[in-house]
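# mind looking at a prediction? Sequence and model below.
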Amino acid sequence: MNTNSIYKNSVFYVSILITGVFIIWGIFFTENLTKVTTAFFNGTINHFGWVYLSSALFFVLFAFYLLFSKYGRIRLGKESDRPEFKTGSWLAMLFGAGMGIGIVYYAVAEPVLHYTSPPIGKGYTDTAAAEAMKYTFFHWGLQPWGIYAVIGLAFAFFQFNRGLPASVSSVFYPVLKDKIYGPIGKTIDILAVVATVFGIATSLGLGTMQITAGLNHLFNVPDTLTIQIIVIAVATVLFLISITTGLKRGIKYLSNTAIILSFTMMALIMIVGPTSSIFKVLFDTTGSYFNDWLDMSLSLQPFGEGEWINGWTLFYWAWWIAWAPFVGMFIARISKGRTISQFITGVLIVPALGTFVWLSIFGGSALHIIHNLGNPELATQITSNLSLSIFSFFDYLPLSSLLSILGFTVVAVYYITVADTATYVLGMLCEGGKLNPSNKIKITWGVIQSLVAVVLLLAGGLEVLQKVSIAAAFPFAIVMLLMCWSLIRELRNEVDINKKSVKEEKAS
């Protein structure tokens, strides 16, 4: 391969090299990696938590500003462009990429954890139950989707309106100009690739543990490391088959399937579960969430230890920012032809409201069973094994076997969907921003992702890698703020260009 070809693919080669170094570090020097990453993670959380809080709040406010501003009418692409995907499929794909495994994993577990160990006061009380639902809404509500909306919009605008490659570096064109094609731009893209690989590998590891826990619960399959590796191998084959079929088939069909199964499961719980309590939780928690939203968004507990905020809210904000390059790039890829107002409505408002319904059905029902019906043993089961939380919850409902099978299927489909979308984005980033990367690159990254997940499971390093990803979110939060400045600058230019075009048409 000649020098020019190597330089062209430098993002791919350097990213693999860095990933390999971290894998070796994690296998042979696990204790040292744990020490270094924990120190860096704790340092950023303890001293710069306010950066995470203020950034996440700003992204939500910035998104709402764009939604209602004059920029909302700007179309992503040419004025003649129309959406490539129907709204239902579009929402399904962006939700699967943005939440996927996580929302299934934590929908029951998080409210129960907050109920037993609330941020303020004693656990197992009426107040603890209400606070548990409110903070779960908070962690999965406007902030994560605001982060995704802002970065996804920036990526989409520079791709479709400025004709630049589908890469993170393209967003900085107003500042760097043609340097985005040089070492500086490639460095930005390499960091995005590495962050994506680490973040996805962690999620695949967590998803694997939930799948093997489900297999054990449903079919008495041993929940061992060997079974976990087999699950990863089978899932890898499945999502590699899917990824080779293209965006309009594999990922689209998987996302639609996941959403249909999710709605089916939600409807069944609404019917056989505590229906009245679910509606009460939804309305009451939505009200308290919006009433206390600003207070929670700026809360750091400066006169206390703040350990709960550090361990939950700041952890989440850093986690969403770490995921932002991958999710934002994928959402941008599927959003050509939509106006900015349509984009923000679909990426920020609709998913947040849908998440509230999901959490009310799962988390609200679980708390009803524990608190109102007097079954504290369910709380013990959930807190002792988070991977089994959704299956433990189903055991207390009618049609538990059917719900468990549905739940297991949803987890498996989301697992494959997330791996599929991540592989697609990695292919885009490593092929100079191609909107339809080659199967060769996608398959290569698919195998690497799965190998990283296996290695981490073998080394017991999932938590370590999660901290690596989250620690990397601190500088990326600053990068995202610069993206907002770059985006608003170009949106102003876009308005001026459109006004000039209108005047020229009238004059002619």
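Arrived safely, thanks for sending.
# measure Thr245 to Leu254 for me?
10 Å (Cβ to Cβ, to the nearest Å). For the C-beta atoms, the positions are set from N, CA and C on the backbone; glycine is no exception.
# more neighbours, those two?
Between Thr245 and Leu254, Leu254 has the larger neighbour count (other Cβ atoms under 10 Å), namely 25 against 15.
# three-state assignment of that one?
Secondary structure state of Leu254, per DSSP: H, G, I helix; E, B strand; the rest coil, is helix.
# residues in contact with the residue nearest to it when sequence neighbours are not counted?
Spatially, and ignoring its direct neighbours in sequence, Leu254 is nearest to Thr417 (4.5 Å; Cβ to Cβ, 6 or more residues apart in numbering). The neighbours of Thr417, taking Cβ atoms under 8 Å, 6 or more residues apart in numbering as the test, are Gly96, Ala97, Gly100, Ile251, Leu254, Ser255, Ala258.
# what's around Asn46, how many residues?
Per other Cβ under 10 Å, the neighbour tally for Asn46 reads 11.
# Gly311 is in contact with that one, correct?
No. Asn46 lies out of contact with Gly311 (Cβ atoms under 8 Å); the separation is 11.5 Å.
# span of stretch 370-386 from start to end?
End-to-end distance of stretch 370-386 (Cα to Cα, to the nearest Å): 16 Å.
# please state the offset of stretch 225-245 from the chain centre?
Distance of stretch 225-245 from its chain centroid, counting by Cα atoms, centre = their mean, to the nearest Å, is 20 Å.
# okay, buried residues for it please.
Ile227, Gln228, Ile229, Val231, Ile232, Ala235, Thr236, Leu238, Phe239, Leu240, Ser242, Ile243 (16 or more other Cβ atoms under 10 Å).
# other residues contacting that stretch?
204, 208-209, 211-212, 215, 221, 250-251, 254, 412, 415-416, 419-420, 423-424, 439, 442-443, 446-447, 450, 453-454, 457-458.
# now, of these, which are buried?
Buried among the contacts of stretch 225-245 by 16+ other Cβ under 10 Å: 204, 208-209, 211-212, 215, 250-251, 254, 412, 415-416, 419-420, 423-424, 442-443, 446, 450, 453-454, 457.
# of the residues you listed, which belong to helices?
Mapping the buried ones among the contacts of stretch 225-245 onto helices (DSSP state H) picks out 204, 208-209, 211-212, 215, 254, 412, 415-416, 419-420, 423-424, 442-443, 446, 450, 453-454, 457.
# quick one: average pLDDT of stretch 492-507?
Mean pLDDT, stretch 492-507: 74.
# what of stretch 316-331?
88.
# could you number the chain from 48 rather than 1 from now on?
All right, first residue 48 from here; so that's stretch 363-378.
# list the buried residues in it.
Quick answer for stretch 363-378 (16+ other Cβ under 10 Å): 363-378.
# the residue nearest the centre of the chain and Val465, how far apart?
In the chain, the C-alpha nearest the mean C-alpha coordinate belongs to Gly145, at 3.6 Å (Cα atoms, centre = their mean). Using Cβ to Cβ, one obtains 10 Å as the distance from Gly145 to Val465.
# got the contact list for the nearest residue in space to His186 that is not next to it in sequence?
What sits nearest to His186 in space, not counting adjacent residues and going by Cβ to Cβ, 6+ apart, is Tyr363, at 4.7 Å. Counting by Cβ under 8 Å, 6+ apart, Tyr363 makes contact with His186, Gln190, Pro191.
# for Gly135, same thing?
Contacts of Gly135 by Cβ under 8 Å, 6+ apart are Asn303, Ile306.
# please redo it, this time with the cut-off set to 10 Å
Gly135 makes contact with Ser302, Asn303, Ile306, Ile307 under the criterion Cβ atoms under 10 Å, 6 or more residues apart in numbering.
# low-scoring stretches of the stretch 348-497 of the chain, by residue?
The model of the stretch 348-497 of the chain has pLDDT under 70 over residues 351-353.
# now with 90, please.
Residues of the stretch 348-497 of the chain meeting the criterion pLDDT under 90: 348-358, 361-363, 365-373, 433-434, 459-497.
# hmm, back to that, quick one: the residue nearest to Leu301 from Lys299, how far?
The gap separating Thr464 from Lys299 is 10 Å, by Cβ to Cβ.
# any shared contact partners between the two?
Residues touching both Thr464 and Lys299 comprise Ala139, Met140, with contact defined as Cβ under 10 Å, 6+ apart.
# next one: the closest residue to Thr163 other than its chain neighbours, what pLDDT does it get?
Leaving out its chain neighbours, the residue that sits closest to Thr163 by Cβ to Cβ, 6+ apart is Gly170, at 4.6 Å. Note for Gly170: predicted pLDDT of 95.
# if we can go back for a sec, farthest-separated two in the buried residues of stretch 272-292?
Farthest pair in these (Cβ to Cβ) is Ile274 and Ile290. Separation: 24.3 Å.
# if we can go back for a sec, any idea how far the residue nearest to the centre of the chain lies from Ala466?
In this view, Gly145 and Ala466 are 15 Å apart by Cβ to Cβ.
# and what of Gly119?
Separation of Gly119 from Ala466 (Cβ to Cβ) stands at 34 Å.
# hmm, back to that, what's the overlap in contacts for Thr292 and Leu301?
By Cβ under 10 Å, 6+ apart, Thr292 and Leu301 have these common neighbours: Asp467.
# neighbours around Glu131, how many?
If you count neighbours by other Cβ under 10 Å, Glu131 ends up with 16.
# again with Gly479
Other residues close to Gly479 by other Cβ under 10 Å number 17.
# buried ones in the helix or strand that contains Asp342, by neighbour count?
If you go by DSSP states H and E, Asp342 is part of helix 322-344. By 16+ other Cβ under 10 Å, the buried positions in helix 322-344 come out as Ser324, Ile325, Val328, Leu329, Thr332, Thr333, Ser335, Tyr336, Trp340, Met343, Ser344.
# packing partners of the helix or strand just after that helix?
Downstream of helix 322-344, the next assigned helix or strand under DSSP H and E is helix 354-356. Counting contacts by 3 or more Cβ pairs under 10 Å, 6 or more residues apart in numbering; DSSP states H and E, helix 354-356 is packed against helix 77-115.
# excluding chain neighbours, what is closest to Leu450?
Leaving out its chain neighbours, the residue that sits closest to Leu450 by Cβ to Cβ, 6+ apart is Phe441, at 4.4 Å.
# one more: Ile488?
Ile488 sits nearest to Gly474 (Cβ to Cβ, 6+ apart), 4.4 Å away.
# in a helix, the one you found, correct?
Yes. Remark: Gly474 belongs to a helix, assigned using three-state DSSP.
# how many neighbours does it have?
23.
# that one touches Asn483, doesn't it?
Yes. The pair Gly474 / Asn483 is scored as a contact, 8.7 Å apart, by Cβ atoms under 10 Å.
# now the common contact residues for these two.
Residues touching both Gly474 and Asn483 (Cβ under 10 Å, 6+ apart): Lys489.
# do you know the pLDDT at Thr249?
With respect to pLDDT, Thr249 scores 73.
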